[in-house]
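Asker: I'll drop the sequence and a predicted model, then ask my questions.
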Amino acid sequence: MKALRWHGQKDLRLDTIEEPAALKGKVKIKVEWCGICGSDLHEYTSGPIFIPNEAPHPLTGEQAPVVMGHEFSGQVVEVGEGVTKVKAGDRVVVEPIYACGTCEACKQGKYNLCDKMGFLGLAGGGGGFSSFVAAEEVMVHKIPESVSYEQGALVEPSAVALHAVRSSKLKVGDKAAVFGTGPIGLLVIEALKASGASEIYAVELSPERKAKAAELGAIVIDPKEFDAVQEIKKRTNGGVDVAYEVTGVPPVLTQALNSTKMGGELMIVSIFEKEAPIHPNQVVMMERTIKGIIGYRDVFPAVISLMDKGYFPADKLVTKHIKLQDVLDEGFETLLKEKNQVKILVKPE
């Protein structure tokens, strides 16, 4: 089968590899759709970040080249010995986190903070940019008929957004700001709506992404037209309860922090490629808090349930459908060049 593999920075190749088998405890899935994630782009332009390059990953035993793609949905075609959770024909998504199960974080149930944590589609074990994937049974979640395969490909990034909101101190009726409305930022807006935020401000430059944020119900602020921090403070009488930084751009981190009120909270959702300076007094003098999240845990069922109720709509978030053979030029390169794109889904052959 054809699969997109990471060989090095700016070196992705469509290779022919062997189909995975449904070994003991594993579920073989025919991939229907796979989304291109921001972390995939980071690996392409600046990696390796999560991809094991110099040595094999401690949990998968694999190193580059590895198959990419971790935001995917599909149909079960075969199950291995001992699998009881799903059967052939089931419609599923995969929660692509590898965890050791024995470190202190895993013992506390915080498997996304595992000392050896890795992602299927980044750390080995196959990936969604291929026709078939064989995943551990524990990673597999069924989706109802009401959730399309396209919608299913959004479960993984939606889980990041919902985990970010759940991990924050946001309460029903609170006000929030989202800095950056790329795919994850837009999904954070949806998660905030589902969590009862009364006002959601979106800070964004791209006209297309501003339109998407407004379509999802956010109050859009263009930092070219306004001082975003002062405008948010003016409209909220002092600042939002929680701000979510979803750009990975160092100066924006400071803006997001300063947009919060006394005792407010900054949630860092991005992966940063460079250091970002924050003056401690910006935290101390306002008794603010700063918190970061990585990935998600114990949230896939909630995301699927919210999708069943109409949240995280694929028709408003997916801007392009392509085939695997076009994934480089029409996928990765397009996302780098065209800021109007939100989520591009890839159909394996």
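Answerer: Done, it's in. Nothing here was measured: the structure is a model prediction, and the numbers come from that model.
Asker: for L345, which three-state class applies?
Answerer: strand (DSSP: H, G, I helix; E, B strand; the rest coil).
Asker: count of residues packed around T102?
Answerer: As a burial measure, T102 scores 11 neighbours (other CB atoms under 10 Å). (Each C-beta comes from the backbone N, C-alpha and C, glycine too.)
Asker: my error: substitute E81 in the last question.
Answerer: 9.
Asker: residue closest to the middle of this protein?
Answerer: P157 (3.1 Å; CA atoms, centre = their mean).
Asker: hmm, C37 and it touching each other?
Answerer: Yes. P157 is within contact range of C37, at 6.5 Å (criterion: CB atoms under 8 Å).
Asker: so where do the helices sit in the chain?
Answerer: Secondary structure of the chain by DSSP state H: the helices cover 38-46, 104-107, 149-152, 155-167, 183-194, 207-215, 228-236, 250-258, 280-284, 300-308, 314-317, 333-337.
Asker: domain boundaries for the protein, per the record?
Answerer: Domain segmentation of the chain under automatic domain parsing yields 2-154+312-347, 161-292.
Asker: could you check how far I51 is from G61?
Answerer: 14 Å (CB to CB, to the nearest Å).
Asker: and if you look at K85?
Answerer: For K85 relative to G61 (CB to CB), the value is 24 Å.
Asker: which of these two has more neighbours?
Answerer: Neighbour count, other CB under 10 Å: between K85 and G61, K85 has more, with 14 against 11.
Asker: look at the closest residue to that one other than its chain neighbours and report its pLDDT.
Answerer: Closest residue to K85 apart from its sequence neighbours, by CB to CB, 6 or more residues apart in numbering: E137 at 5.3 Å. Predicted confidence (pLDDT) for E137: 97.
Asker: do the same with the one 10 residues further on
Answerer: The predicted structure scores V147 at 97 on the pLDDT scale.
Asker: again, but for the one 4 residues further on
Answerer: The confidence metric pLDDT takes the value 97 at Q151.
Asker: who's in contact with it?
Answerer: Neighbouring residues of Q151 by CB atoms under 8 Å, 6 or more residues apart in numbering: 73, 143, 307, 312-314.
Asker: pLDDT, neighbour count and distance to A191 for those - can I get that in JSON lines?
Answerer: Below are the contacts of Q151 laid out as JSON lines (pLDDT from 0 to 100; neighbours: other CB atoms under 10 Å; distance: CB to CB, whole Å):
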{"residue": "S73", "pLDDT": "98", "neighbour count": "28", "distance to A191": "19"}
{"residue": "I143", "pLDDT": "98", "neighbour count": "21", "distance to A191": "18"}
{"residue": "M307", "pLDDT": "97", "neighbour count": "23", "distance to A191": "12"}
{"residue": "F312", "pLDDT": "96", "neighbour count": "27", "distance to A191": "8"}
{"residue": "P313", "pLDDT": "93", "neighbour count": "14", "distance to A191": "13"}
{"residue": "A314", "pLDDT": "94", "neighbour count": "19", "distance to A191": "15"}
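Asker: for I268, state which of these is nearest.
Answerer: F312 (21.5 Å; CB to CB).
Asker: just list the residues touching that closest one, thanks.
Answerer: For F312, the contacting residues are 151, 154, 158, 187, 190, 303, 306, by CB under 8 Å, 6+ apart.
Asker: now do L253
Answerer: Per CB under 8 Å, 6+ apart, neighbours of L253: 245, 266, 268, 272, 276, 278.
Asker: tell me the spacing between it and L328.
Answerer: Separation of L253 from L328 (CB to CB): 31 Å.
Asker: can you check V86 too?
Answerer: The gap separating V86 from L328 is 32 Å, by CB to CB.
Asker: equivalent analysis for V140, please.
Answerer: According to CB to CB, V140 and L328 sit 29 Å apart.
Asker: again, but for Y296
Answerer: 28 Å.
Asker: and those two? which has more neighbours close in?
Answerer: Taking neighbours as other CB under 10 Å, Y296 and L328 compare with Y296 leading, 24 against 16.
Asker: my guess is that one contacts L162, does it?
Answerer: Yes. The pair Y296 / L162 is scored as a contact, 7.2 Å apart, by CB under 8 Å.
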